[in-house]
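[1] what's the 3D shape of this:
(one chain, ligands or ions: 1)
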Amino acid sequence: MSELTLIIGNKNYSSWSLRPWIFMKTAGIEFTEKRIALDTDQTKAQLEPYFSNHKVPVLLDKNRIIWDSLAILEYIAEKYPDCHGWPADPQARAVARSVSAEIHSSFFELREDLPMNCRKKFTGFSPSSAALKDIDRIKAVWKYCRERFSQKGPWLFGAFCIADAMFAPVVFRFDTYGVLLNGFEKEYTQSMLSLPHMVQWKEAARQEKEILEFAEIKL
Ligand SMILES: N[C@@H](CCC(=O)N[C@@H](CS)C(=O)NCC(=O)O)C(=O)O
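    Coordinates of the predicted model:
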C-alpha cells in the first residue's frame, strides 16, 4: 500500500478533489484513493478525523494531515522535487503561483453558475454576465501564460504543472456547459480532456449513482 492516501469527494462533482488527484496521477505519484460521498448523513462523521472543516480533498502522509487542494499540491511539490510541481524558471514559477492562487481564491460566479458536473453535457446554456466575466478572465489568464511561457509544450507553462491541475476542473465545466472557445483555448481544453487520467476520472464519475441536487443546473 502506498504511504499516501488522498481523500476525495464524488468524482462527478468535487472539483477541488480533482486538482491534487490529476496532478499526482499525471506525475506518476502513487497513492491510495479514498472516496467519501458528499452531502450524505455520514459525510460529516467520515471527515471528522481530518480537521479539514469536513471538506475534501485531504492528503494523509503517515501521521500528517494536509487539507486544501493548493496546500496539498504545494506539499507534493516539496516532497517530490522531481515531479515538476512548478516551472523551473523563476519568472514562470512566479506567474504559475499567481494564476494558481487566483483560480483558488476567485471566480465565484463561475463556480455558482457552472458547477462541475462531468457526466452532463448541455447545449444552449447561456452563462450569466457575471459568470461570463469570470470566463473571460480565465481565457485571458490562459492567453497570458501560453504566449509567454508555453514554447515547449501544450500546457500553460510548457510541461504539465500545478497551475494546469488547478485549472483542470474549469476545463470540465467549460466542456459540460458548452462554453465557446477559440483557437488555443480549444487546443488547451482538448489537451486536458484527452489526458488519460482525465478520461479515467470522467468515466468513474459516470459510474457514480449519487445526485447532488444543488449542483444540478436546470435549463
Ligand atoms: N478551499 C478548499 C475547498 C474545499 C471544498 O470546498 N470542498 C468541497 C468539495 S469540492 C467540500 O468538501 N464540500 C463539502 C461541504 O462543504 O460540506 C480546497 O481547495 O480544498
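[2] from here on, contacts and neighbour counts on C-alpha atoms
    Fine.
[3] spell out which residues of the protein are next to the ligand.
    Where the chain comes near the ligand, counting by CA under 6 Å from any ligand atom, the residues are Ser14, Ser15, Trp16, Ser17, Leu38, Lys55, Val56, Pro57, Asp68, Ser69, Leu70.
[4] now the two most distant members of these.
    Taking CA to CA as the measure, those span a maximum distance of 19.9 Å, between Leu38 and Leu70.
[5] of the residues of the chain next to the ligand, which belong to strands?
    Secondary-structure check on these using DSSP state E: no residue lies within strands.
[6] can you add neighbour count and pLDDT and give these back as JSON lines?
    Below are the residues of the chain next to the ligand laid out as JSON lines (neighbours: other CA atoms under 10 Å; pLDDT from 0 to 100):
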{"residue": "Ser14", "neighbour count": "21", "pLDDT": "98"}
{"residue": "Ser15", "neighbour count": "26", "pLDDT": "98"}
{"residue": "Trp16", "neighbour count": "23", "pLDDT": "98"}
{"residue": "Ser17", "neighbour count": "23", "pLDDT": "98"}
{"residue": "Leu38", "neighbour count": "22", "pLDDT": "98"}
{"residue": "Lys55", "neighbour count": "21", "pLDDT": "98"}
{"residue": "Val56", "neighbour count": "24", "pLDDT": "98"}
{"residue": "Pro57", "neighbour count": "27", "pLDDT": "98"}
{"residue": "Asp68", "neighbour count": "18", "pLDDT": "98"}
{"residue": "Ser69", "neighbour count": "23", "pLDDT": "98"}
{"residue": "Leu70", "neighbour count": "22", "pLDDT": "98"}
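[7] out of these, which is nearest to Leu6?
    Distance from Leu6 was checked for each of these by CA to CA. The minimum falls on Pro57, at 6.9 Å.
[8] next one: phi and psi at the closest one?
    Geometry field for Pro57 lists phi and psi as phi -80, psi 160, criterion degrees, to the nearest 10.
[9] longest helix in this structure, please.
    Residue-count comparison of every helix in the chain, with assignments taken from DSSP state H, identifies helix 129-149 as the longest.
[10] helices or strands up against whatever helix or strand comes next after it?
    Sequence order places helix 162-176 as the next helix or strand after helix 129-149, per DSSP states H and E. Using 3 or more CA pairs under 8 Å, 6 or more residues apart in numbering; DSSP states H and E, the elements in contact with helix 162-176 are helix 15-26, helix 90-105, helix 183-194.
[11] related to what we said a few turns ago, now do the longest helix of the chain against helix 183-194, angle only.
    Per axes from the mean of the first three to the mean of the last three CA atoms, to 10 degrees, the angle that helix 129-149 makes with helix 183-194 is 90 degrees.
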